[in-house]
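Trainee: test case, fold it:
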Amino acid sequence: MASEMDLPSMVAGAADMIRYCGGGEEMVTVPAAAGGRPIIRCLLGHFALACCFVRSMLEAKAGLRPRRRLGLRGTIYEQWETELARTDAALPRDNRLHNGLIITDGTDPNRGVVDDDHDVSNSEVDINDMEGTNGGAAGGDGEGDGGAAASPEERLA
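Mentor: Okay, here's the model as predicted:
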């Protein structure tokens, strides 16, 4: 997001992304009248992620970035970190409504701060492990289950 002028279209896109990912009515308020704008309530990081996806596609269409990532470098995490800083600088530092967007951590002075200890390039987690044997990365709750994925019955209990 480059400026406040981009905000209404990004809010509409972020609202779709949040609903698609399972965000409920507490995150997205759909307008009752036709043509009305949705209102979203989310953390700065959630909104920055939507902006990151849009920027990535626009840069790929413009030929500035490959459509797919190459190897482990240039991951979406690093793109999100960069977009988080851009979004943090562009949005107001409050938690009031602005063009359909309420940043719930808007008044937090650390809302755009990323933990420096996070290094995805040296991760030993197998991203292709669908069984959840990575110590809970893809399945279980990570508490005493050895990372084993819970069955559907266990998740409903």
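Trainee: can you show me the helices along the protein?
Mentor: Per DSSP state H, the chain carries helices over the ranges 7-20, 44-61, 76-90, 152-156.
Trainee: will you turn those helices into JSON lines that also has distance to Asp105, mean pLDDT and mean neighbour count?
Mentor: (Each C-beta comes from the backbone N, C-alpha and C, glycine too.) JSON lines is the format used below for the helices of the chain (distance: least, Cβ to Cβ, whole Å; pLDDT from 0 to 100; neighbours: other Cβ atoms under 10 Å):
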{"stretch": "helix 7-20", "distance to Asp105": "15", "mean pLDDT": "88", "mean neighbour count": "17"}
{"stretch": "helix 44-61", "distance to Asp105": "6", "mean pLDDT": "90", "mean neighbour count": "19"}
{"stretch": "helix 76-90", "distance to Asp105": "10", "mean pLDDT": "90", "mean neighbour count": "17"}
{"stretch": "helix 152-156", "distance to Asp105": "29", "mean pLDDT": "48", "mean neighbour count": "9"}
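Trainee: with respect to Leu97, which of the ones you listed lies nearest?
Mentor: Closest to Leu97 of these, according to Cβ to Cβ: helix 7-20, at 10.5 Å.
Trainee: contacting residues around that closest one?
Mentor: Helix 7-20 is contacted by residues 1, 27-28, 30, 37-40, 42, 46-47, 49-51, 53-54, 98-101 when judged by Cβ atoms under 8 Å, 6 or more residues apart in numbering.
Trainee: rewinding a little: can you lay out the helices of the chain as TSV showing distance to Asn110?
Mentor: What follows is those, written out as TSV (distance: least, Cβ to Cβ, whole Å):
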stretch	distance to Asn110
helix 7-20	21
helix 44-61	10
helix 76-90	10
helix 152-156	33
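Trainee: those helices: which one's closest to Val113?
Mentor: When the helices of the chain are compared by Cβ to Cβ, helix 76-90 sits nearest Val113, at 8.7 Å.
Trainee: would you map out the domains in the chain?
Mentor: The chain resolves into domains spanning 4-121, 124-157 when parsed by automatic domain parsing.
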